[in-house]
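Asker: model this:
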Amino acid sequence: MKKFLVIFIVIALAFIFVGTVAAAPDDELYVLIAPHIGIQYWQVHKAGFEAAAKELGVQTEFTGVMGDSIEDQAKITEQIIAKNPAGVLIGPLSAEPLTPAINRVIEAGIPVITVDTDAENSKRLCYIGTDGYAAGQLAADIMADLLNKEGKVGISNLLGFATCEERANGFRDRIKEMYPNMSVAAEVDDKADEENATKVNTQMLIANDDLKGIFGVNAVSAIGMGAAVKSLDKVGKVMIVAFDPMPQTLQLIADGVVQATMVQRTFAMSYYGLKLLYDYNHGSLELVKGWDVPAAQKIGINTLPNRIDTGIMVVTKDNYKFFEEK
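Answerer: Have a look, this model is predicted:
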């Protein structure tokens, strides 16, 4: 009799426990607002975002701008308020211009996390992504090793996009501070467009025949840099350090055209971003045992970490196969 009583109590407790787990409503919607929505890099963000949503049983919307219109991204961000989503992830094209729109979403009671690019002075709850400045410094160290710490180098940038500017600044400052026999002699705006990147990098190499290396700060830069050095017969004569593991970039590494690329944990940024928004909404993140998390949040206590640096992996000819899509 006691045995059956114990079994009954265990089963009853199990039902009580299951009943107390906060399940996500079927219509709980989370939105990812991307810049340059069409490029593969942000499709990887989308994949991470949707993978987390599938695990949590929530709905998602992936939206953003095709190009680099800050005004359009701000407009989309403010329009999201009308949908009253449970949370928003956003990769701001530029921090300060997007800050008012982010703040309006927060003020409407919708939690916001920035991914890939931060808007540090906004009311966002958390930033998840790469430290762009530190990544640029690392790229400078890699370039210095490739050039035996001597020579003029160029930068293929995406001007006006905060993350890319940070990487370029880190690279430029590191060269100036640590490598007296190196200098950044030229810089172009490739606009994260393959055709334009090829054109401006070719022009930069023609105008600066003594360049020994180029650092490309966005996912498309490597394609243009690679095409430029091939067309000018400078493969192996101009060292290339790129960003992100585009299939074309990995092939250029295999062919010896690109020497290294800096790989971010892109999937993880939006995967964990959605999970943190979910935890924030469901009171899962106790800072003190027994806290009334929703009450703490209502008086302005942020239970999320302020910044999460997802770091950089360096891909070369030795390990590029691990990053190829299967």
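Asker: If you count contacts, what does the helix or strand harbouring Arg167 end up packed against?
Answerer: For Arg167, the host element (DSSP states H and E) is helix 162-178. Judged by 3 or more C-beta pairs under 8 Å, 6 or more residues apart in numbering; DSSP states H and E, helix 162-178 is in contact with helix 132-146, strand 151-157, strand 182-189. Where you see a C-beta, it was placed from the backbone N, CA and C, and this is true even at glycine.
Asker: name the helices or strands packed onto the longest one?
Answerer: So the one you mean is helix 132-146. Against helix 132-146 (3+ C-beta pairs under 8 Å, 6+ apart) you get helix 162-178, strand 211-216, strand 239-243, strand 260-264, strand 312-315.
Asker: Go through the helices and strands packed on helix 162-178 and pick out the most buried.
Answerer: Among the helices and strands packed on helix 162-178, strand 151-157 has the highest mean neighbour count (mean count of other C-beta atoms under 10 Å), at a mean of 24.
Asker: by contact count, what packs against that one?
Answerer: Counting contacts by 3+ C-beta pairs under 8 Å, 6+ apart, strand 151-157 is packed against helix 162-178, strand 182-189, helix 194-207, strand 211-216, helix 221-231.
Asker: Provide a list of residues in contact with the spatially most central residue of the chain.
Answerer: Closest residue to the average C-alpha location of the chain: Asp116 at 2.7 Å, with C-alpha atoms, centre = their mean. Contact partners of Asp116, counting by C-beta atoms under 8 Å, 6 or more residues apart in numbering, are 45, 91, 129-130, 163, 264, 266, 269.
Asker: give me the number of residues near Asn302?
Answerer: Asn302: 16 surrounding residues under other C-beta atoms under 10 Å.
Asker: Test my guess that it contacts Leu125.
Answerer: Yes - contact criterion C-beta atoms under 8 Å: Asn302 and Leu125 qualify, at 5.5 Å.
Asker: where's Asp118 relative to Glu71, distance?
Answerer: Noted for Asp118: a distance of 20 Å to Glu71, by C-beta to C-beta, to the nearest Å.
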